[in-house]
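A.B. asks: Dropping a prediction and its sequence here:
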Amino acid sequence: MKIPTLLLLGCLAAGSAGAEPGPPIVVSGTVADEASKSALLERLRTLYGPARVVDQLAVGTVATPANWNEYVQRLVGPNLKLIKGGQLKIEGNTISLRGDVASEAQRQQIAADFAASLNPTYTVNNGLRVAVSEQGVLDAALADRIIEFESGKATLTPAGTEVLDQMTAAMRKLAGVKVEVIGHTDNAGSRAGNLSLSQARAEAVKAHVVGQGIAAESIAVSGEGPDRPVADNRTPEGRARNRRIEFKVIQ
């Protein structure tokens, strides 16, 4: 005997406020009876609005796991509206999610919430993707620019402050994400002195972004000194590139 199936296909995310209804969500598969079908469609229409739900759901003879309809009702909830594109597929005790979400934290939270709504006989396959990588947000904001400091000091220049303010704006978009600020230097002077300077500059960057409202606990700092050059220290241009601050998503 077949198992019950449910496939939601389309843009599962909510439409924009005040805009026309979003693209259709096609509901297909096979459930055990008309009552199950009606309850599921009502749940979807309440969540998304009647205009978005396209009914292609069939009723047939299926071997339904215990409390299957109850579990499906739990899964068809607000978390789905965080997913752009893709699908939710339920085949008996196997749940598969696909589509794009805004962050890695969101991707993991949705899967965790799904798992917590089910009993241990269910399997959740998390195929969600982060639409734009969190690291990509930081890299795009920095755009290969240098956060400048006064020579030999951990004091930001006006130009360095301007770039860092733009980085702070990017970090506000990554709520719940932990970022490591890593200081680097060229190889001029002693290694010990450069390690100390790179650490102090990373600390100065943290102090600045925290002063702009970024949570202190979301920022880790480290100083690598001259140990990780990205350019040739034998040229002025190379040394300038090596004197840098790196922003790395670590959680």
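C.D. replies: Cool, got the structure. Residues are numbered from 1 along each chain as shown.

A.B. asks: use CA for all of it now, contacts and neighbours both
C.D. replies: Fine.

A.B. asks: buried residues in the host helix or strand of residue 166?
C.D. replies: Secondary structure from DSSP states H and E places residue 166 in helix 158-172. Under the neighbour-count criterion of 16 or more other Cα atoms under 10 Å, helix 158-172 has 160-161, 163-164, 167-171 buried.

A.B. asks: Show me what it is packed against.
C.D. replies: helix 134-142, helix 191-211 (3 or more Cα pairs under 8 Å, 6 or more residues apart in numbering; DSSP states H and E).

A.B. asks: what residues does the longest one touch?
C.D. replies: By that I understand helix 191-211. For helix 191-211, contacts defined as Cα atoms under 8 Å, 6 or more residues apart in numbering pick out 149, 152-156, 164-165, 168, 181-187, 216, 219, 221-226, 245.

A.B. asks: follow-up on the earlier one: same list (the helices and strands packed on helix 158-172) but as CSV, adding distance to residue 34 and mean neighbour count.
C.D. replies: As requested, these are exported to CSV (distance: least, Cα to Cα, whole Å; neighbours: other Cα atoms under 10 Å):
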stretch, distance to residue 34, mean neighbour count
helix 134-142, 44, 17
helix 191-211, 57, 19
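
A.B. asks: and those helices, which one's lowest on average pLDDT?
C.D. replies: The minimum mean pLDDT among the helices and strands packed on helix 158-172 belongs to helix 134-142 (a mean of 89).

A.B. asks: So which other helices or strands are in contact with it?
C.D. replies: For helix 134-142, the packing partners by 3+ Cα pairs under 8 Å, 6+ apart are helix 158-172, strand 245-249.
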